[in-house]
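> have a look; sequence and predicted model below, questions after that.
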Amino acid sequence: MAGTHGFVKINADIPVRYKFLSKTVQLADQEVHAGHTNNISGSGLELVAKIPDGETIHHLLAGGVFVGLNITLPSDNDPIKTLSQLIYLEPAPEVPGKCAIGLKFMDMAKEDSDRIMRYTIRAQITKKVQRPM
């Protein structure tokens, strides 16, 4: 079952550490931030995170800033590291002070994409099995 914007909605919050990166723009925000996702696919995810500052939002929308991700799947000790590009940014009304950032993975290793796909398939099967009839 597809979640918002084509990602798969799962019943788990996956921790994601992220950092805004650019080769062309000098960013004031150099921190590594913590966020989470429960909407993910082999090609991208929806990150629930603090709202970036106005300068960062501007450069994200213009394509001059990317987001480095470190995704830790449950029961998986080896984090998935990838660079991603903004697809959308919108308020997260269920989480005050946070936003939903849709990100498309760039240059992800096939093994890592496969790990995410296996995880989402297992999560969907488990979700269906747990539903009352």
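Received the coordinates, thanks. Numbering: from 1, shown residues only.
> pLDDT (mean, whole number) over the host helix or strand of residue 86?
For residue 86, the element it lies in under DSSP states H and E is strand 80-91. When pLDDT is averaged over strand 80-91, the result is 94.
> partners of the very next helix or strand once past that strand in the sheet?
Using DSSP H and E, the helix or strand that follows strand 80-91 in sequence is strand 98-106. Sheet pairing of strand 98-106 (DSSP bridges) gives strand 44-50 (antiparallel), strand 80-91 (antiparallel).
> most packed of those strands?
Most buried of these, by mean neighbour count (mean count of other C-beta atoms under 10 Å): strand 44-50, with a mean of 23. C-beta here means a position set from N, CA and C on the backbone, and glycine is covered the same way.
> for that one, the distance to its chain's centre please.
4 Å (C-alpha atoms, centre = their mean, to the nearest Å).
> just the CA atoms of that strand, as CSV, please.
C-alpha atoms of strand 44-50 as CSV (Å, rounded to 0.1, in the frame of the first residue of the first chain):
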residue,chain,number,x,y,z
GLY,A,44,13.4,7.9,-1.6
LEU,A,45,11.8,8.8,1.7
GLU,A,46,9.8,11.4,3.6
LEU,A,47,11.9,12.8,6.4
VAL,A,48,10.1,14.4,9.4
ALA,A,49,12.5,16.9,10.7
LYS,A,50,13.0,20.4,12.1
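> quick one: closest of the strands paired with strand 98-106 to residue 9.
For these, proximity to residue 9 was assessed by C-beta to C-beta; strand 44-50 is nearest, at 9.1 Å.
> so what touches that closest one?
The contact list for strand 44-50 (C-beta atoms under 8 Å, 6 or more residues apart in numbering) reads 3-7, 16, 18, 33, 35-40, 67, 69, 71, 84, 87, 92, 95, 97-105.
> again, but for stretch 105-124
1, 8, 10-12, 40-45, 66, 69, 71, 73-74, 76, 80-85.
> give me the neighbour count for residue 38.
Applying other C-beta atoms under 10 Å, we find 17 residues neighbouring residue 38.
> neighbouring strands - and their directions - for the strand or helix carrying it?
In this assignment (DSSP H and E), residue 38 forms part of strand 33-40. Taking DSSP bridges as the criterion, strand 33-40 forms sheet pairs with strand 8-21 (antiparallel), strand 44-50 (antiparallel).
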